[in-house]
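Q: Need a 3D model of the following:
(one chain, ligands or ions: 2)
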Amino acid sequence: MGKILAIANQKGGVGKTTTSVSLSACLAYIGQKVLMVDIDPQGNATSGAGIDKADVEQCIYDVLVDDVEASAVILETKVENLYAIPATIQLAGAEIELVPTISREVRLKRALEEVQSEYDYIVIDCPPSLGLLTLNALTAADAVLIPVQCEYYALEGLSQLLNTVRLVQKHLNHELKIEGVLLTMLDARTNLGLQVIEEVKKYFQDKVYQTIIPRNVRLSEAPSHGEPIIIYDPKSRGAEVYLELAKEVVSHG
Ligand code: ADP
Ligand code: MG
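A: Numbers count the residues shown, from 1 in each chain. Ligands and ions are numbered 1, 2, ... in the order given. Model (predicted):
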């Protein structure tokens, strides 16, 4: 059975989407069969994986709201072994449309159960909120990976996220684990970054990944080319570190 990882943090701009796309592509690159699921209405992971949203006929919205089977909306990507369920702006309505529906928090879980055995990893890119879409991801997931930006107030908002994780563990998904905290966008030229690393390690201890993602301009360029970093610039530092992260994720079993 594939391991389902939710990439979550309700703060925007912390590297969720970059991590979802780069980690998924690097896992695929080292031979894992990966399904990346975009559940952010902005659809940045979708385009980052090289899928043109204008060509998408059915997306995760149809799965969550209209009970379309996951297998019907899975697309191939340019990366061998990497498949994706896209999101389009249509998904913006789902958060409200799902409210009155039965078992609204378990819809993604039910949908992914149908395809889980075909993949080694399923990586879910969450939106920047703790709403119903993120709840669906946490309910479906085996584990949550939390990107934390090496910036002032890095820990701000994390207690709210951890509280949500605890509530999901209690009521919706007893098996949910915290896979790890990933430090992102480190600027090695400043002391601030190092202070944040200390602070986050003090708080999360061995939950912090050894791999730390530095700021790397190639990572910020890759999405506009519709290519994951491992294709866009495989020799870049960004590709190297996400490859390291992929190996670390696999080593966690
Ligand atoms: P989120 O999904 O949490 O909102 P993103 O992954 O979209 O965050 O990242 C926010 C912005 O920062 C994007 O423009 C992205 O290209 C850029 N970015 C993310 N990680 C890095 C990095 N390690 N180095 C440089 N830019 C990055
Ligand atoms: Mg994002």
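
Q: Kindly provide the distance from the residue in the stretch 51-200 of the chain that ligand 1 sits nearest to to residue 197.
A: Taking CB to the nearest ligand atom as the measure, the stretch 51-200 of the chain has residue 185 as its residue closest to ligand 1, at 4.7 Å. Yep, even glycine has a C-beta here, placed from its N, CA and C like the rest. Separation of residue 185 from residue 197 (CB to CB, to the nearest Å) stands at 12 Å.

Q: More neighbours: which of those two?
A: The neighbour count for residue 185 versus residue 197, taken as other CB atoms under 10 Å, is higher for residue 185 (21 against 17).

Q: does whichever residue of the stretch 101-250 of the chain sits closest to ligand 1 belong to a helix or a strand, and which?
A: Closest to ligand 1 within the stretch 101-250 of the chain is residue 220: 3.7 Å, counting by CB to the nearest ligand atom. Using DSSP states H and E, residue 220 falls within helix 217-221.

Q: So which residues of the protein form strands?
A: For the chain, the strands defined by DSSP state E occupy 3-7, 34-38, 75-76, 82-85, 121-125, 143-149, 177-184.

Q: Next, format those as JSON lines and append mean pLDDT and mean neighbour count.
A: Formatted as JSON lines, the strands of the chain follow (pLDDT from 0 to 100; neighbours: other CB atoms under 10 Å):
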{"stretch": "strand 3-7", "mean pLDDT": "98", "mean neighbour count": "25"}
{"stretch": "strand 34-38", "mean pLDDT": "98", "mean neighbour count": "29"}
{"stretch": "strand 75-76", "mean pLDDT": "98", "mean neighbour count": "16"}
{"stretch": "strand 82-85", "mean pLDDT": "98", "mean neighbour count": "26"}
{"stretch": "strand 121-125", "mean pLDDT": "98", "mean neighbour count": "28"}
{"stretch": "strand 143-149", "mean pLDDT": "97", "mean neighbour count": "23"}
{"stretch": "strand 177-184", "mean pLDDT": "96", "mean neighbour count": "21"}
